Structure formats: C-alpha cells, structure tokens
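Q: Fold the following and give me the result.
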Amino acid sequence: MVVKGLGVWLAVAVVLLGVAPAASLLTAQVTNLTALHQAGQTFLTWTESAGAGVSYRVYRSSQPILAIDVSAEFLGEVDELSSENLRQTGLSGGPSFFRITELGTPLEATDGLFVHTVSADGDGFYAVTSVVGGFEDTTVSSGQNSLTSPVAETAATPRPILQSIVGFRRHYVHWVSDQDTAFAPAMWNRPSRAFNLRVIHNPSFVGPRPVLLKLHARGGNYQLPPDFLHPEAVVLSPDDWIGESPGNTFWYGLNEAFPDTSAYARNVNVDYTVRRVMAELDFVQNESLFDADPDRVYLSGSSMGGVGAVFLAYRYPDRFAAAHAIVPKFDFSCSADQCWLEPENGDLLWGTLAGNLPTTDGIGVYDRLNLGFLAEAEPGADRPLITAWNGRNDVVVGWPEKPPTYQAILSARQPAVFLWDESEHGGIGGVWGAVMNQRRAEMWSYRIAQALPAFSSLSIDDDPGEGDPIDGDLVGSINGYLEWDVASIEDTVQHHAIRCALRSTTALDDAPAATATVDWTPRRLQQFFLVPGASYLFSNFQEPSGNEIESRSVVADANGIVTVPAAIVTQQGNVFRLETLVTTPEFRRGDSNQDAETNIGDAIYTLSHLFSSGPPSICAAAADANDDNQVDIGDAIFTLAYLFSSGSPPPAPGPDLCGVDPSSGIDCGSYPCP
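A: Numbers count the residues shown, from 1 in each chain. Next up, the predicted model:
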C-alpha cells in the first residue's frame, strides 16, 4: 500500500504514537524534472532523492500539475537507478548508463528516467513524486518535480536510441510501453521498459542487403557476432532478458499479471517479445542507412534462439524467406517423460499446462507454442522453409516431441528439412555439423517472393521413430537427401517448374539410392495461382535427356494446394512441371449457335457476331468450323461451302455427333451435348 501525504502521516506518527520516523523516510522530493519528446515518446529525467530504497511515481495531465489529485493520470512507477542500463552493466562488468539521444551524453547515476509512449497528439504536463517504504510524498513544487511548461507531444512509432558504435556494431536501446497506441502495441506488462539490441552494418557494401534476424540462446545475449560468410548482411540481434526468474520469455512473451501467478487465470498471455522483435525488424527494414532487402530476410538461432526462429517463421510467414534452427524446442505442450527439462518455467511465464490460458491470438498459450498445432491449424498458409537439427538424447528441449511435430508439418505439406542424431543438447551440430553449415549457406539463396517446394513421403527418408530415443533410425533425416535449384524455378501465369534431385556430393546427406519417389507440393507460387477443385497436368522430365518420364493430372484441394504423389526423382535430376489442364467439353464442330445441328443459321450467327455486334458463341471451338484455332469470316464461308457447294465437312469431332477436340484447339466454355 502506498500512503499519500507523507508529511501529514509522519506528523500523526510523531504526535499520536510518539515514534520518530526513520531517517530513510525523510528523503527529499525530486528536483530538476525535465522532458524531451522524440519519435512518439517523452523522456522524463530528474535528480533522484537522496537515500536508498526510493521509488518514483510519474503523473501526466493536460494542465499544470499543482497537486496530485484525480486530474493527474498515474503513468507508472520506477525504482531508483532507473538511468542505469542494468543489462549492459551485467555484461560489461562496470556501470553503464542510458543515453536518451543518439550518441548523446550518458545519464548520471543520480538521474531518474521514465519514458512515456504517447497515444495522442497534444500538450502534456508531468510531475514525479518520491515513495519510501510505501509512503508517497505528494508534495508538488513547480519547476522542481512538476513541469511549468507543457511538452508538445505527437503520437508516432518509437525509435530505438543509438547508444554506441564500435566498428560495424551499433548498440541501441528500445523503450517500450504497457499500453497499445495506433503506432505500436504494448510490448511489456509494465511501462518504461528498456531493451537492448545490436545491429551489425558494414557500410562498405552497397545495394539492397539481406537481413539476418539472429536470436540468442537461453543464457546468451544480444551481443552476437556477424555472419562471417555474408559480411554484407545486416544482422539484427535483439535481447530476450527480463531480469528476474525465469530470465527469458523463450522469444514469446508472458502473462499480463507476471510475476503474480495467482492472478494469471484472470488475465491473458501476450506475445510481448514477438511484438517487440518485429518492431525492431521494422526499424531495421525502414531505416535508409541499412538499405535492407525486404525479399531476403532470414532467421537463425540455437536452443532458445532456435525456438524463436521457427515460431517467428510460422507466425509471420510473409516476412521471412527461411529459418535455420539448431536444437530448437517445437512443442511446449509436450508432457511426456524427457520432453522438457524445465516445465516450471512455463508455469512462471504463462501458467500451467493444464490451464492452457488464452492468448491475445485467441488460442491457448500451449497451443500457440506448439509448432505442429500451428501447421495443422492453417494448412493453406505458405510457410518459409525450416531446416532444423536435434539430438535424440537432448533432455533439455526433449526428443519425444520431435517425431509428432515432423509428421504434423509434413502432413500439412509445408517445406521443411529435419536432421537428427544421438547428440545431447550441448553437442551442437552433432554428426550433421558440416551438413547444417551447408544448409545455412544454401538458405541465403531463398527469397520471400519465390516459389518453394514442399516435399513429403520421400521413399528413402529415415525413420525418426515414435518419440523414444532408441526407437527408429538413430541417425537420419527427413527430406535431407533432396536438393532443388532456385535458378531453375519457372513461375508464370501458365505453368510452374523446378529442378529437383537426390544429393550426391560425397557428403553425409548423399542419398542412399539413385532413384526414389517423393510427394511434391508447390508453395509460395507468385504467378501460377491454383484454384480449389481445378485440374492440373503434372509432367516429369528426366535429366540430362529431357525425356518425359511421367505425366498425369492432379486436382487442387479445398485450400488451392496441389500435391503430386510419388513423383520419381533421381541423382541425375528431374524437372517437375505443373500446368493448367485444359478440358474441352464435347461439342459439334460448326454448330456456332448451339442448336444441336449445323445449318445456315450457324454461318449467320458467326457473321452477326463478327460484323453486327451479335453475341459470341459460348463454345468457341464449335464456332471454329474450319479448325484453324480462331473464329473469323473463314468459318462462315467454310460452313456455307460444306452446306451448299459439296465442301469438306467440319473436322473432328464433326458436325453430327458430339465429341472432344482431338487437337489442342481453342476453349469451349460449355455445349449442350446430351
């Protein structure tokens, strides 16, 4: 409880109780309150009161604050040393203080700091009071702890503040709010919360740059290195550190009432961390300095970082080209033995598994944190490619969840490559280390606006078993023996094609057979749009000869997804091609007016359409009497010659009986054959 009017209550204590207040309760009020407004946020600084154990309450009003009453809106409370960047202090080993302007002078240890994200344009007056031992001193002194002049405020998207530049490494701090605005959602459950981030940017490269969103592991931090194979890449490394147990949010978020678990059931789980990370990605992509390519954005991480990578890829599939994950956890709802070393962390962040409390997404939090559930819930969504490696003896993130998740993603026909061996959690890469490095290198060739194959049921896939660490193939892969050539992709209005092959480069992922079959599902098509229920022609061309070895029709499902089952794929390579299958109804050639016979009326009908604005024939193929794949005056002349000058009859299917067009012909919308 906070008691207002400190002076009055102390006087009562002295007179009635005969007890002198402790020296710590005689702390002086705040002084030197100042305000700076920038990018939708008002930065308040002040000189803190003398003494320890003091916190500070912040108020705002549209009028000068002369007293702390109902006209003053309470914004929040911060502890002493609010000017210190505690995360950076812990990493550097020495005190580190915030800069509230880009590369500006750091604040002092005696400074207080509160950052308010405004929700509307207008003038704001502020006041700050001291709180000691639950007692609030509500004394207001204009010009000291209360502003005498208003702050002109404009609602806008907040910007991270540049703290330092060391080489190519740019250190920022991002202040977030607990309130939604039109420009930014709430990104924490308390106001004026600061988060660190690093952006690596080498200015010697020109042109649009790829962006790598690099997420740290549990116990790690935002100070991650660049991608040494791609120095041109802009690397964004956010921070998932909350400063109290359990330390991180697993790149998701937490309950609104955190850390008061007793109140979780009355609140919802909010994806605060997801929101913040995406806002920081927006910052990088919108900052002209970084020249980011929106089509080349990638995710990577290990352990908890891998968790963030795969779930962000599924949450925002239109923002990422691919995700590369080492030892990620896929399913926080898994309760089997050895599924998760620390399930109590889930209780602290989101509530119990049994409760499965709701999220702002409208589903239970443990469903939201189950990758297989997300894949099955939206089979029509086009996801980025996920490449992930896990160890069977990893008891930290667990093996039992992996086979069911593999199957859910494959059943949803989403693009993925899974590798596993007998490693524990710390055996990063295991026997697949070199292969994972190669797959990471391949990742950079993918694009968001680019067709992507999803493979499933590869006949030479290994068996991950049912979830027991000793069940199935101890070392293996799913889709790991396949490769495809992004340069071969054809994606037009008329067709889609891609070259696929079984790997054969004398590496661990070499296919164990020269020929196999695989189900192929084209994803992320850009121009060749598929219609639910429509038929398409699949063709398979063998390399290097180019000979067609398969051809059959397939039908798009209710989501407009086509899967070609059991397509042949070889080490030499195969070109898979999909095109619209044109089906022409049966018709009578020459029957332009569709009255079930060919006579002079048909010639008149065609001439009327061509020269008197008459309606066209619904079946153009029927009006094409001479079968030259166009409807013109020649068809009327051909019909008249057939009827009155012993001319040749219209070609197949002919004028008398209904039949199909044996040539490619032109389309026939409909025709009334019996």
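
Q: buried set for the longest helix along the chain?
A: Here the longest helix in the chain is taken by residue count, with DSSP state H as the criterion, and it is helix 272-286. Neighbour counts over helix 272-286 (16 or more other Cβ atoms under 10 Å) mark 272-281, 283-285 as buried. Where you see a C-beta, it was placed from the backbone N, CA and C, and this is true even at glycine.

Q: Work out the gap between the helix or strand following that helix and the centre of the chain.
A: Next in sequence after helix 272-286, counting helices and strands by DSSP states H and E, comes strand 292-302. Using Cα atoms, centre = their mean, to the nearest Å, the mean C-alpha position of strand 292-302 is found 10 Å from that of the whole chain.

Q: Just after strand 292-302, pick out the following helix or strand.
A: For strand 292-302, the succeeding helix or strand toward the C-terminus, using DSSP H and E, is helix 304-315.

Q: Can you list the helices and strands that that following helix packs against?
A: Under the contact definition 3 or more Cβ pairs under 8 Å, 6 or more residues apart in numbering; DSSP states H and E, helix 304-315 sits against strand 209-215, helix 272-286, strand 292-302, strand 322-326, helix 371-377, strand 385-391.

Q: For these, give me JSON lines that also has mean pLDDT and distance to Val397.
A: Below are the helices and strands packed on helix 304-315 laid out as JSON lines (pLDDT from 0 to 100; distance: least, Cβ to Cβ, whole Å):
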{"stretch": "strand 209-215", "mean pLDDT": "98", "distance to Val397": "14"}
{"stretch": "helix 272-286", "mean pLDDT": "98", "distance to Val397": "18"}
{"stretch": "strand 292-302", "mean pLDDT": "98", "distance to Val397": "10"}
{"stretch": "strand 322-326", "mean pLDDT": "97", "distance to Val397": "11"}
{"stretch": "helix 371-377", "mean pLDDT": "97", "distance to Val397": "12"}
{"stretch": "strand 385-391", "mean pLDDT": "97", "distance to Val397": "7"}
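
Q: what's the closest of these to Glu344?
A: Among those, the nearest to Glu344 by Cβ to Cβ is helix 272-286 (19.2 Å).

Q: Figure out how far that closest one is from the centre of its chain.
A: Averaging C-alpha positions (Cα atoms, centre = their mean) puts helix 272-286 11 Å from its chain's average.

Q: From the contact counts, what lies against it?
A: With contacts taken as 3+ Cβ pairs under 8 Å, 6+ apart, helix 272-286 sits against strand 169-176, strand 193-200, strand 209-215, strand 234-237, strand 292-302, helix 304-315.

Q: Excluding chain neighbours, give the residue nearest to Ala621 in space.
A: Distances taken as Cβ to Cβ, 6 or more residues apart in numbering place Cys668 nearest to Ala621, at 4.1 Å, with adjacent residues excluded.

Q: So which of the helices and strands packed on helix 272-286 is nearest Tyr126?
A: strand 169-176 (15.7 Å).

Q: ok, residues contacting the closest one?
A: With contacts defined as Cβ atoms under 8 Å, 6 or more residues apart in numbering, strand 169-176 is touched by 41, 85, 88, 98-99, 115, 117, 158, 160-165, 184, 186-188, 192-201, 272, 276, 279-280, 283.

Q: about what we covered before: redo the helices and strands packed on helix 304-315 as a markdown table? Include distance to His609.
A: Putting those into a markdown table (distance: least, Cβ to Cβ, whole Å) gives the following:
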| stretch | distance to His609 |
| --- | --- |
| strand 209-215 | 55 |
| helix 272-286 | 53 |
| strand 292-302 | 46 |
| strand 322-326 | 53 |
| helix 371-377 | 51 |
| strand 385-391 | 51 |
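
Q: Which one of the ones you listed lies nearest to Phe74?
A: Of all the helices and strands packed on helix 304-315, the one in closest proximity to Phe74, counting by Cβ to Cβ, is helix 272-286 (21.3 Å).

Q: just the angle between the closest one and strand 193-200, please?
A: Here the directions of helix 272-286 and strand 193-200 differ by 40 degrees (axes from the mean of the first three to the mean of the last three Cα atoms, to 10 degrees).

Q: all numbers from here: first residue = 814
A: Shifting the count to begin at 814 puts that one at helix 1085-1099.

Q: Contacts for helix 1085-1099 next, please.
A: By Cβ under 8 Å, 6+ apart, the surrounding residues in contact with helix 1085-1099 are 970-973, 987, 989, 997-1002, 1008, 1010, 1012, 1024, 1026, 1028, 1047, 1049, 1051, 1053, 1062, 1064-1067, 1103, 1105, 1107, 1110, 1121, 1124-1125, 1128-1129, 1132.

Q: Recalculate using a threshold of 6 Å.
A: Under the contact criterion Cβ atoms under 6 Å, 6 or more residues apart in numbering, helix 1085-1099 has outside partners 973, 989, 998, 1000-1001, 1010, 1049, 1051, 1053, 1062, 1064-1066, 1103, 1105.

Q: same check, this time on stretch 1155-1170
A: Contacts with stretch 1155-1170, where a contact means Cβ under 6 Å, 6+ apart, come from Pro1059, Leu1067, Asn1068, Tyr1077, Asn1082, Phe1145, Gly1177, Val1178, Tyr1179.

Q: among the residues you listed, which are in helices?
A: When helices are assigned by DSSP H, the members of those inside them are Val1178, Tyr1179.

Q: Which members of the contacts of stretch 1155-1170 are the farthest-apart pair?
A: Checking the contacts of stretch 1155-1170 against each other with Cβ to Cβ, the farthest-apart pair comes out as Pro1059 and Gly1177, at 19.9 Å.

Q: what about the stretch 1164-1313 of the chain, any weak spots by pLDDT?
A: Counting by pLDDT under 70, the stretch 1164-1313 of the chain shows low-confidence ranges at 1241-1242.

Q: Against which helices or strands is the host helix or strand of Thr1419 packed?
A: Per DSSP H and E: Thr1419 is located in helix 1413-1424. Using 3 or more Cβ pairs under 6 Å, 6 or more residues apart in numbering; DSSP states H and E as the contact criterion, the elements in contact with helix 1413-1424 are helix 1446-1457.

Q: got the CA coordinates for the helix it packs on in CSV?
A: As requested, the backbone C-alpha atoms of helix 1446-1457 are provided in CSV (Å, rounded to 0.1, in the frame of the first residue of the first chain):
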residue,chain,number,x,y,z
ILE,A,1446,-15.2,-15.0,-91.6
GLY,A,1447,-13.4,-18.1,-92.9
ASP,A,1448,-15.6,-20.3,-90.6
ALA,A,1449,-18.8,-18.9,-92.0
ILE,A,1450,-17.5,-19.4,-95.6
PHE,A,1451,-16.4,-23.0,-94.7
THR,A,1452,-19.8,-23.8,-93.3
LEU,A,1453,-21.6,-22.4,-96.3
ALA,A,1454,-19.3,-24.3,-98.7
TYR,A,1455,-20.0,-27.6,-96.8
LEU,A,1456,-23.8,-27.0,-96.9
PHE,A,1457,-24.2,-25.8,-100.5
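
Q: Go through it and flag the buried ones.
A: Within helix 1446-1457, the residues that count as buried by 16+ other Cβ under 10 Å are Asp1448, Ala1449, Ile1450, Phe1451, Thr1452, Leu1453, Tyr1455, Leu1456.
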